[in-house]
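>>> Okay, structure incoming, though there's no sequence with it:
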Ligand SMILES: Cc1cc2nc3c(=O)[nH]c(=O)nc-3n(C[C@H](O)[C@H](O)[C@H](O)COP(=O)(O)OP(=O)(O)OC[C@H]3O[C@@H](n4cnc5c(N)ncnc54)[C@H](O)[C@@H]3O)c2cc1C
């Protein structure tokens, strides 16, 4: 049985000062859907839990200065209910609907998801393709890290022991664009991804492509993006781009899938994700949230 202290600061300043004092002996608590499991399994042994849910400024979800800002305490259910997310960040809306189940999504946050940093973290690939930025504070100042540089290994990020992630900002896009998020699970319902892919395409046919669950960290696939850049994705180009995907990802075998199955599905899902993103940009169909696999 583990014992730990519990504090629920009402301001970020107070939370940061606790973080400075307790450092690596503290754990930050949002929805707790990952953290409590880690404590139960004794993977984490915090001496202090700092519950961030009472801090008002972390609950903001707003459009400001050309970006959508998602506060650290915003839950997946709030994201899914938001017209702002649905209309301006449809790939993030689509992927948020695939996290766990309603019960979990009512507590779970996007910031908790990326800070937990498992390779299959649902929000990683959709944030990467949108060029999202992660805002991090400590009592000595704040810094901003691109989502693509946030993950440093399985369950590891750039966040230091005296820091707190305060929000995520996602730049708004001008002009027409299409997005898609394809998640492969073993069954419908609560299951983390065996493979996940996110695609963004704009009207100049610039593609952003990212994968989750097929390497130690979620990743962009710059080689495939370069192959498709500025061109209609013909069968020949898609084959070349797929080869880039397969030479970049490094899936493992685990209880969810073999390495070979993951590699095979990376290619299958690539075509589906590209087709859906391009079609959504050109025709608006299939609707966001429609099943893509
Ligand atoms: C049944 C079940 C099904 C699930 N299904 C999915 C799924 O389909 N897809 C998926 O991706 N995940 C899934 N998860 C995992 C989990 O629900 C998500 O990762 C969730 O988004 C975590 O958010 P949280 O607010 O609960 O984080 P918490 O558990 O509170 O925190 C997670 C980690 O992030 C750290 N942290 C939290 N906030 C901050 C902050 N502001 N700054 C720095 N560090 C912070 C915590 O200290 C902890 O290490 C599932 C979990 C369960 C129990």
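Received the coordinates, thanks. Because the structure is a prediction, the values reported are computed rather than measured.
>>> Next to the ligand in this structure, residues from the protein, please.
Residues of the chain found near the ligand (C-beta under 6 Å from any ligand atom) are 27-35, 52, 72, 99-100, 104, 107-109, 111-113, 115-116, 120-122, 159, 164-165, 190, 192. Quick note: C-beta positions are derived from backbone N, CA and C, even for glycine.
>>> for stretch 241-259, which positions count as buried?
241-242, 244-246, 248-249, 251, 256-257 (16 or more other C-beta atoms under 10 Å).
>>> Quick check: end-to-end length of it?
Distance across stretch 241-259, first residue to last, is 20 Å (C-alpha to C-alpha, to the nearest Å).
>>> quick one, strands of the stretch 151-293 of the chain?
Here the stretch 151-293 of the chain has its strands, by DSSP state E, counting those that start in this stretch, at 151-153, 156-157, 164-171, 177-184, 195-202, 207-212, 219-220.
>>> From the rest of the structure, what touches the second one?
Strand 156-157 is contacted from outside by 114-115, 117, 150-151, using C-beta atoms under 8 Å, 6 or more residues apart in numbering.
>>> Let me have those residues in TSV, adding pLDDT as columns.
What follows is the contacts of strand 156-157, written out as TSV (pLDDT from 0 to 100):
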residue	pLDDT
114	98
115	98
117	98
150	99
151	98
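>>> For my notes, please list these in JSON lines and give secondary structure and neighbour count for each entry.
Formatted as JSON lines, these follow (DSSP: H, G, I helix; E, B strand; the rest coil; neighbours: other C-beta atoms under 10 Å):
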{"residue": "114", "secondary structure": "helix", "neighbour count": "25"}
{"residue": "115", "secondary structure": "helix", "neighbour count": "21"}
{"residue": "117", "secondary structure": "coil", "neighbour count": "21"}
{"residue": "150", "secondary structure": "coil", "neighbour count": "24"}
{"residue": "151", "secondary structure": "strand", "neighbour count": "24"}
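>>> Now for those residues: which two are most distant?
115 and 151 (10.1 Å; C-beta to C-beta).
>>> mind checking pLDDT for residue 190?
On pLDDT, residue 190 comes in at 84.
>>> oh sorry, the question was meant for residue 2
76.
>>> what number of residues lie near it?
When neighbours are defined as other C-beta atoms under 10 Å, residue 2 has 10 of them.
>>> where does it land in three-state SS?
Following DSSP: H, G, I helix; E, B strand; the rest coil, residue 2 is assigned to coil.
>>> Low-confidence regions, the chain specifically.
Residue ranges of the chain with pLDDT under 70: 1.
>>> gap between the residue of the stretch 151-293 of the chain found nearest the ligand and residue 226?
Residue nearest to the ligand within the stretch 151-293 of the chain (C-beta to the nearest ligand atom): residue 165, separated by 3.5 Å. Here the distance between residue 165 and residue 226 works out to 31 Å (C-beta to C-beta, to the nearest Å).
>>> Tell me where the protein has helices.
12-22, 35-40, 76-81, 83-88, 90-96, 102-105, 110-116, 124-129, 222-228, 235-248, 259-283 (DSSP state H).
>>> now, of the ones you listed, which is deepest in the fold?
helix 124-129 (a mean of 29; mean count of other C-beta atoms under 10 Å).
>>> Which residues does that one contact?
Contacts for helix 124-129 (C-beta under 8 Å, 6+ apart): 91-92, 94-95, 113-114, 147-148, 151, 168, 170, 179, 181, 196-200, 208-212, 217-220.
>>> just how off-centre is that helix within its chain?
6 Å (C-alpha atoms, centre = their mean, to the nearest Å).
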